[in-house]
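J.: what follows is a predicted protein model with its sequence.
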Amino acid sequence: MTVSSHTPLRNLGTSDLKISALGLGTWQFSKGNGFVGGFWPVLEKKEIEEIIQISLRGGINWFDTAEAYGKGKSEEALAEVLNGLGDEAKEALIATKWWPVLRTAKSITQTIDQRLQALKGRAIDLYMVHQPFSFSNATAEMNEMAVLLKEGKINHVGVSNFNERKMREAHRALKNHGFPLVSNQMKYSMIDRRIEKNGVLDAAKELGITIIAYSPLEQGLLTGKFHKKPELIKNITGPRKLSSGFKPSGLQRTQPLIDLLDQLAQEYHVSASQIVLNWTINFHGDTIVAIPGATKKHHAEENVGALSFRLSDKHLAEIDRVSKEVSVK
């Protein structure tokens, strides 16, 4: 796999694992299965292959999936394409997640072979608890994760959607086994900056935990296309069009940020979404990485283009100011 020379890799948390500042989120590879899979149109294998190839060639070296994405269908689709690409994808890394709802921590070790089977012989480089809601506490979950680490069935452990208290508990429990908690996957974008105020980001910086930002483009809202053509909203598949950001009042509130993004896009000769992603992965140094998705080839091209430049400190600060004025309080 060739990683573009302009794409510096970062350590995942305090581990030695090197990841690109952008990964590819693969929720959209769910093949329409289940409620979660129903958010996206069904992608054919050829489309998935093109998206993955563009991502790899553009310097993205890791892919984020989950048991809950189409009940394993996303994991299977991802692994099938990566295996089919041979040497080009030999070093590609996979992050996946255990679904905790209505389960106890013991399910982590009991279901790991199903995850490995879905991933068709590929390693689980990062294994996360998808949500903080199970019948067990974070300590019990990390005790089971430590078993998998010692058995060599997974390589690193993270969490997702954990608040500061639960993240600290998970970190402490894993440390007792001699392993670091390397990541916490959280919703974070220019208009949803709650982790900066609720202690999660500060604790992550203190403990050396990488924040993996999901929905960095707010499901397309921050591209500006819905501000320019609100009529496109009625064509959106799935429930996302019901969120407040897509309502006329939401579009009006975020318009000043969209205007700034458009202005900077012209200045840097890139797209507005590339400005968004570049800000997301650079404003807090190396602490935040992001996992935009892609349902079309050009989305994947947009993603990798965000790795080809760096916003100036002045522009990072300018976006920060306007973003705070329009973000969800």
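T.: Cool, the structure landed.

J.: now do the helices in the protein.
T.: For the chain, the helices defined by DSSP state H cover 34-37, 45-57, 73-84, 106-110, 112-118, 138-151, 164-175, 200-207, 225-228, 248-268, 272-282, 297-305, 313-326.

J.: okay, now L221: neighbour count?
T.: 24 (other C-beta atoms under 10 Å). (C-beta placed from N, C-alpha, C; glycine too.)

J.: excluding residues flanking it in the chain, which one is nearest it?
T.: Leaving aside its chain neighbours, L221 sits nearest to G245 (5.0 Å; criterion: C-beta to C-beta, 6 or more residues apart in numbering).

J.: could you check the pLDDT of the one you found?
T.: Looking at G245, its pLDDT stands at 91.

J.: picking up where we left off before, L217 is nearest to which of the helices of the chain?
T.: helix 272-282 (5.8 Å; C-beta to C-beta).

J.: quickly note the distance from I281 to T254.
T.: Using C-beta to C-beta, to the nearest Å, I281 is found at 20 Å from T254.

J.: cool, K46 as well?
T.: K46 sits 35 Å away from T254 when distances are taken as C-beta to C-beta.

J.: same drill for the two, tell me which one is more crowded.
T.: T254 (25 against 9).

J.: wait, isn't that one in contact with E325?
T.: No - if you go by C-beta atoms under 8 Å, T254 and E325 don't touch, sitting 9.8 Å apart.

J.: what sits against the residue lying closest to A146 once chain neighbours are set aside?
T.: In space, and not counting its chain neighbours, A146 is closest to H177: 3.8 Å by C-beta to C-beta, 6+ apart. By C-beta atoms under 8 Å, 6 or more residues apart in numbering, the contact list for H177 reads M142, N143, A146, L149, K150.

J.: what's the pLDDT at H177?
T.: What the model reports as pLDDT for H177 is 98.

J.: how near is it to H171?
T.: 11 Å.

J.: once you drop chain neighbours, what's closest to G72?
T.: Leaving aside its chain neighbours, G72 sits nearest to A118 (4.3 Å; criterion: C-beta to C-beta, 6+ apart).

J.: ditto for M167
T.: N184 is the one closest to M167 (C-beta to C-beta, 6+ apart), at 5.3 Å.

J.: quickly list what that neighbour is bridged to.
T.: N184 has these beta-bridge partners by DSSP bridges: V159, I211.

J.: what about R321, neighbour count?
T.: If you count neighbours by other C-beta under 10 Å, R321 ends up with 9.

J.: equivalent analysis for S243, please.
T.: S243 has 12 neighbours, counted by other C-beta under 10 Å.

J.: hmm, back to that, identify the residues contacting the residue nearest to L221.
T.: When contacts are counted by C-beta under 8 Å, 6+ apart, G245 touches I191, E218, L221, L251, T254.

J.: related to what we said a few turns ago, so the residue nearest to G72 makes contact with Y69?
T.: No - if you go by C-beta under 8 Å, A118 and Y69 don't touch, sitting 10.4 Å apart.

J.: shared neighbours, these two?
T.: E75.

J.: more neighbours: these two, which one.
T.: Under the criterion of other C-beta under 10 Å, the comparison of A118 against Y69 puts Y69 first, with 30 against 20.

J.: pretty sure the more buried one contacts E75?
T.: Yes - using C-beta under 8 Å, Y69 makes contact with E75 at a distance of 7.3 Å.

J.: what is the end-to-end distance of stretch 67-81?
T.: 17 Å (C-alpha to C-alpha, to the nearest Å).
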